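Engineer: Let me see the structure of the following:
(chains A and B)
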Amino acid sequence: MSKTKELKSLLNQGAVDRRQFMGYAAALGVSTAIATSLYSGSSLAASPKKGGHFKIGMGQGSTTDSLDPATTLHTGTQIVNHAVYNYLTEVNNEGKLVGELAASWDASPDAKTWNLKLQKGVTFHNGKSFGPEDVIASINHHRGKDSKSAAKPIVDPIVDIVADGKDGVKVTLKGGNADFPFLMSDYHLAILPSKDGKIDPMGGIGSGGYILEKFDPGVNISMKRDPNYWKSGKAHFDSAEIIVIADVAARTNALSTGAVMAMDRCDLKTVHLLKRNKNLVVTKNTGTQHYTLPMNAGVAPFDNPDVRLALKYAIDRDKLVETVLRGYGTVGNDHPIGASQMYFNKDLAQRVYDPDKAMFHLKKAGLSSLDVTLSAADAAFAGAVDTAVLYKEHAKKAGINITVNRVPNDGYWSNVWMKDSWSMSYWGGRPTEDWMFSQAYAAGAEWNESFWSNDRFNKILLEARAELDTAKRQEMYGEMQELCHNDGASVIPMYASYVGAQAKNVGQGKVGANWDMDGLRCMERWWLT
Amino acid sequence: MQKILNMVAQRLALGLVVLLVVSLIIFLGVELLPGDLAQAMLGQQATEETLIAFRKELRLDLPMHTRYLEWLFNILQGDFGRSLANNREISELIGSRLGNTLFLALFAATIAVPLSLTLGILAAMYRNSYYDRAINIVTLSSISFPEFFIAYILIFIFSINLGWMPSLSNVSADTPLGERLFVSLMPAITLTLVVVAHMMRMTRAAIINLLASPYIEMANLKGLSRARVILKHALPNALAPIINVIVINLAYLIVGVVIVEVVFVYPGLGQLIVDSVQKRDIPVVQACSLIFAATYILLNLTADILSIVTNPRLLHPK
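Structural biologist: Numbering: from 1, shown residues only, chains lettered A, B, ... in the order given. You can find the predicted model right below:
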C-alpha cells in the first residue's frame, strides 16, 4: 500500500500524468476502479473548493501605496487590483486573451475602430449596474494632458471612446492596432464605477470577486468574497488577507511557521532548503519576465554595431542562469519576446558564449580591446550586481574590460536607468509582441532604454501593428526579433521565472505565467483544499 | 520649586526652537536628495508628461520656500496635512503607528530597565567576581551583535524550532491586549538584548565610583550589610547619570528600531519613515521627524528634572 501512497505523491507533484498513473497502479495490482478513485482523490484533478481564509505574504508593498489604479506599480497592489476590480479583457492561464468585462469585440478592417460588446448583468460592489459610462470614465482617468497615470502611453493612441447603445463601447484609435484588446488587459486599466463621468480612484469599489474591507498600505489588506460575483467558477476563498513582508527572510519564516499560506519572490539562494519542508510546495513559472543590459546606441563605443555584437558574444548566458537565477529561468537571445509568445521566432539560432567571435567583431570595429563601464544595482533586478561581476569575468577572455560601477538602489530609475550609457534593467514582458516592441524598442519611445533607432524595424513595427493576418505577422515579428538580436543595443541574457511557494493545501490549476502570482489573479483563481 | 518650573519653561521654549530648526534641516535634506515624489512613485514607468502632470497636481512645481512656509503655517494650526503619495490624513497615518511604536518601546523598557538596574547593582556588589565578568561578557556581546542577527536567532530558536512564538508581529488597531503582548514579546526581547548593556554598565560604573567615598566607608564601618549600603546609600546618589543613560536608550527604543520592525513586520514609525524618505513624501517625513525630535526633547527634559530631584546641586551648574 505504501507504493501506492508514493505514486499518489508523485501524482500530486505532477511527475506522472493520468495515463501513467493508471499504468503504474495496474502494475501494483490495484484494480481500475480503485485506481480511478485514488486519482480523483488527489488535488490535481480536484475542482476548486469554496471557503477558507487565505493569507498571503507579499514582498512588495509600501506605506505610500494607493488604491488609484493609475499609480499601481508593483505586485503587492497589482494583485489587489485584480481581486477587487475587473478589466475589459483578461489573459487567461493558457496565455490566451479572453474577454472579461468586454464579452466580445470586433474591429474595422484597418484595425482603427473597435466595437466592444460589454458583459451583461454585472453589478459593482456598491450596487451600481455596470454600463458603458463606467468604461469611458475609467479609461479617461488615464487619458489627457493632465493625467499622471503610468498608463498614459498605453491609452494615448485612443482618439475617441464613446458609448454604443446600452451595452457597447466604440473606440477609435489614431492608427490601426490589431492588438488593441490585449492592451486593455493592462493592470492599470481597471474598470471602476463612475458618477457624473468621473471615477473615484481611491474608493476601492470594483466589480471583481472580492470586496475590499481594509486597506492599510504597506501593512495589511483584507477582503471578503463578493457573493454576487458575476463570473462563475472564480473567487473561491471566503476571505483573504495580504500581509506585506518586505524582508525575504521574514517572509520565508512566516511561510514556514504557517503565519501565511503563500508567498511570492522566494530567495533563490535558499529556496533549495525551503523545498525540504514537507508542508510546502515551491512553484516555478517561466513567462515573459526578462532582464536586460541596455547600452545607449547613440553614444560611443555603443554606436558601433560590431562593438554591440562583441559584447553580446562575450557573456556566458548559461552560467548566469545557473548562478544568478539558480536554474530558475532560461537563456535569452537578445530580444524581448519569450518562447511562450505567439510570434516567437523559433528559427533564430540561440546565441552562445563565444569569446573568439567577440574578438573578431572587435577587430572588425578596429579595436584590439575595449574598456567600458556598466552601472549596476540590485534595484534593476535581484542579482544584478552579481550578474555584472560575472559578466566582467566572462568578457575578460574576449579582451573586453568591464568596470562595474555599483550605484545605490535609491533613485536608480531616475538617475541611472536611461542616463548612464550602459546600465541594467528588467521587464515583466508584455502579452503581445507589438506592445513590448513599441514600449521599449521603437524609435522615440519614452522607455526605449537603448535609444535604438533602426529604420527597417520601425517600418515593419507600424505595418505589423495594423496587420490582421497571422501568417504575415509571424514573418514580420520574426524579422523584428532578428533585427534586435543582431543590431539591437540591449544584451538580454536571461528570462527569469517567477518562483513562489505555498502551503500544500493551496490549490491551483494550471498557473498562468504572463505575470507573477498566476497572472496577478491568484485571488480569484486559487482555492484552499 | 520655582526654580525647577523656570527651568522647565525655558527648556520647552528652547525645545520649540529646536523643532523649527529640525524641520528646516530635514526639509532641505530631503529636497537635496536626487529625484522627487513623482519620480519615486512612477519609477520605471515614468514619462516626461506624466511626471509634469503628477507634480502639477501635488503642487510640487512650486518653489521650495513657498512649500515650506505653507507646511509650517498648517502645522502651527495643528493640521499635519495629507500624504502626497496616497492622500491619507497624516495625523491618522502616524497616530496608529506611533501608538504601536510607543507600545513596543514601553514593553521593551519595562523588561530592560529593571533588568539592567538589577544586573548593574549585582555586578557592582560582586565586582570583579566571575559573576560580574560573566554579565559583562554576555551583555557586551549582545550589544555588539547586529539587531537583525539577534532577531533572526530568536526567530530560529523560538518560532521555527520550538514553535512557541509567532515569527510575525503584525498587530493592528483591533488586536486585543493579550494577543498584542504575546506577539510583541520577541521584538521586545530583541530590543532588550540590544539596550541592556549600556544601562547595566553605567549603573555598575556609577555605583562603583561612589563606593570609594568616605560616607560609604562610614556606612561599612557602622556594620551595615552590603546590600543596604549599596541600595540605600550609594544608589540614590548615583541616579543622575543612570537616569541619563536610561533616557537615551528609551529615546532609541522609540526612534531607532527600524530593523526590528522590518524583521518582525511590526507596523511602527520606523518603517513608515523609511518608506516615506524613499518616495520623497515630504509631509510624512517632516511629521515623523518632528515627533522624533520632540521625543528626544521631552525625554531629555524628564531626565534632567529627575536628576535634579535626586541631586539638587545640578540645578546650579558650575
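
Engineer: Now tell me which helix or strand of the chain has the poorest mean pLDDT.
Structural biologist: All of this is about chain A. None of the helices or strands of chain A scores lower by mean pLDDT, DSSP states H and E than helix A:32-41, at a mean of 44.

Engineer: let's do chain B instead
Structural biologist: One helix or strand of chain B scores below all others by mean pLDDT, DSSP H and E: helix B:37-42, with a mean of 80.

Engineer: what helices or strands is that one leaning on?
Structural biologist: With contacts taken as 3 or more C-beta pairs under 8 Å, 6 or more residues apart in numbering or on different chains; DSSP states H and E, helix B:37-42 sits against helix A:412-415, helix B:48-57. C-beta coordinates here come from the backbone N, C-alpha and C atoms, glycine included.

Engineer: mind redoing it with 10 Å?
Structural biologist: Applying 3 or more C-beta pairs under 10 Å, 6 or more residues apart in numbering or on different chains; DSSP states H and E, we find helix B:37-42 packed against helix A:412-415, helix B:48-57, helix B:269-278.

Engineer: hang on, isn't residue B:61 packed against residue B:37?
Structural biologist: No: Residue B:61 is beyond contact range of residue B:37, at 11.5 Å (criterion: C-beta atoms under 10 Å).

Engineer: Can you check which residues contact both of those two?
Structural biologist: Common contact partners of residue B:61 and residue B:37 (C-beta atoms under 10 Å, 6 or more residues apart in numbering or on different chains): B:54, B:55.

Engineer: more neighbours, those two?
Structural biologist: Neighbours per residue (other C-beta atoms under 10 Å in any protein chain shown) separate residue B:61 from residue B:37, with residue B:37 holding more: 22 against 13.

Engineer: where does the more buried one sit relative to residue A:66, distance-wise?
Structural biologist: 12 Å (C-beta to C-beta, to the nearest Å).

Engineer: what does residue B:69 give?
Structural biologist: Distance from residue B:69 to residue A:66, by C-beta to C-beta: 27 Å.

Engineer: try residue A:371
Structural biologist: To residue A:66, residue A:371 is 45 Å away according to C-beta to C-beta.

Engineer: Tell me the first helix or strand C-terminal of the least confident helix or strand of chain A.
Structural biologist: Scanning forward in sequence from helix A:32-41 by DSSP states H and E, the next helix or strand is strand A:53-58.

Engineer: How about that following strand, which residues are buried there?
Structural biologist: Applying a neighbour-count criterion of 16 or more other C-beta atoms under 10 Å in any protein chain shown, one finds A:54, A:55, A:56, A:57, A:58 buried in strand A:53-58.

Engineer: got a markdown table for the residues you listed, with pLDDT and distance to residue B:88 too?
Structural biologist: Converted to a markdown table, these look like this (pLDDT from 0 to 100; distance: C-beta to C-beta, whole Å):
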| residue | pLDDT | distance to residue B:88 |
| --- | --- | --- |
| A:54 | 94 | 26 |
| A:55 | 94 | 24 |
| A:56 | 95 | 23 |
| A:57 | 94 | 23 |
| A:58 | 94 | 20 |
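
Engineer: that older thread, tabulate the CA atom coordinates of the least confident helix or strand of chain B in PDB.
Structural biologist: Written as PDB, here are the backbone C-alpha positions of helix B:37-42 (Å, rounded to 0.1, in the frame of the first residue of the first chain):
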ATOM      1  CA  LEU B  37       8.000  62.100  -5.300                       C
ATOM      2  CA  ALA B  38       6.700  62.000  -8.800                       C
ATOM      3  CA  GLN B  39       9.800  60.100 -10.000                       C
ATOM      4  CA  ALA B  40       9.800  57.800  -7.000                       C
ATOM      5  CA  MET B  41       6.100  56.900  -7.300                       C
ATOM      6  CA  LEU B  42       6.200  56.200 -11.100                       C
END
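
Engineer: Those residues of the stretch 201-350 of chain A touching chain B, which are they?
Structural biologist: A:201-202, A:214-220, A:222, A:241, A:243-247, A:249-260 (C-beta under 10 Å from any C-beta of the partner chain).

Engineer: in the strand or helix carrying residue B:297, what's buried?
Structural biologist: Residue B:297 belongs to helix B:282-310 when assigned by DSSP H and E. By neighbour count on 16+ other C-beta under 10 Å, the buried set for helix B:282-310 is B:282-293, B:295-297, B:299-301, B:303-304, B:306-308, B:310.

Engineer: and if you look at stretch A:484-504?
Structural biologist: Using 16+ other C-beta under 10 Å as the test for burial, stretch A:484-504 gives A:484-503.

Engineer: Could you tell me which of those residues belong to strands?
Structural biologist: Those of the buried residues of stretch A:484-504 mapping onto strands are A:490-503, per DSSP state E.

Engineer: Neighbour count for residue A:371 and residue A:66, which is higher?
Structural biologist: A count of neighbours by other C-beta under 10 Å puts residue A:66 above the other of residue A:371 and residue A:66, at 21 against 10.

Engineer: correct me, but that one touches residue B:83?
Structural biologist: Yes: at 8.9 Å, residue A:66 counts as touching residue B:83 under the criterion of C-beta under 10 Å.

Engineer: From residue B:166, how far off is residue A:362?
Structural biologist: Using C-beta to C-beta, residue A:362 is found at 58 Å from residue B:166.

Engineer: scratch that, residue A:233
Structural biologist: 35 Å.

Engineer: Which one's more surrounded, these two?
Structural biologist: Higher neighbour count among residue A:233 and residue B:166: residue B:166, with 21 against 10, using other C-beta under 10 Å.

Engineer: for the stretch 401-529 of chain A, what spans make up the helices?
Structural biologist: A:412-415, A:433-440, A:455-466, A:470-487, A:516-519, A:522-525 (DSSP state H, counting those that start in this stretch).

Engineer: swap in the stretch 101-250 of chain B?
Structural biologist: Here the stretch 101-250 of chain B has its helices, by DSSP H, counting those that start in this stretch, at B:130-144, B:147-154, B:177-183, B:185-210, B:214-221, B:226-228, B:235-255.

Engineer: now do the same end-to-end measure for stretch A:183-202.
Structural biologist: Across stretch A:183-202, the terminal residues are separated by 23 Å (C-alpha to C-alpha, to the nearest Å).

Engineer: With stretch B:55-73 instead?
Structural biologist: Terminal residues of stretch B:55-73 lie 21 Å apart, using C-alpha to C-alpha.

Engineer: List of residues touching it?
Structural biologist: Contacts with stretch B:55-73, where a contact means C-beta under 10 Å, 6+ apart, come from A:146-148, B:20, B:23-24, B:27-28, B:31, B:36-39, B:41, B:51-52, B:54, B:79-82, B:84-85, B:87, B:280-283, B:286-287.

Engineer: Would you indicate which residues of it are buried?
Structural biologist: B:55, B:58, B:60, B:67, B:68, B:71.

Engineer: And for stretch A:388-404?
Structural biologist: By 16+ other C-beta under 10 Å, the buried positions in stretch A:388-404 come out as A:388, A:390, A:391, A:392, A:394, A:395, A:398, A:399, A:400, A:402.

Engineer: Endpoints of that stretch, how far apart?
Structural biologist: 6 Å.

Engineer: returning to what we had before: shared neighbours of residue A:66 and residue B:83, which are they?
Structural biologist: Contacts common to residue A:66 and residue B:83, judged by C-beta under 10 Å, 6+ apart, are residue A:217.

Engineer: any weak-confidence spans in the chain?
Structural biologist: Picking chain A for this. Counting by pLDDT under 70, the ranges of chain A that qualify are A:1-46.

Engineer: hm, I was asking about chain B
Structural biologist: Scanning chain B residue by residue, the ranges that satisfy pLDDT under 70 are B:317-318.
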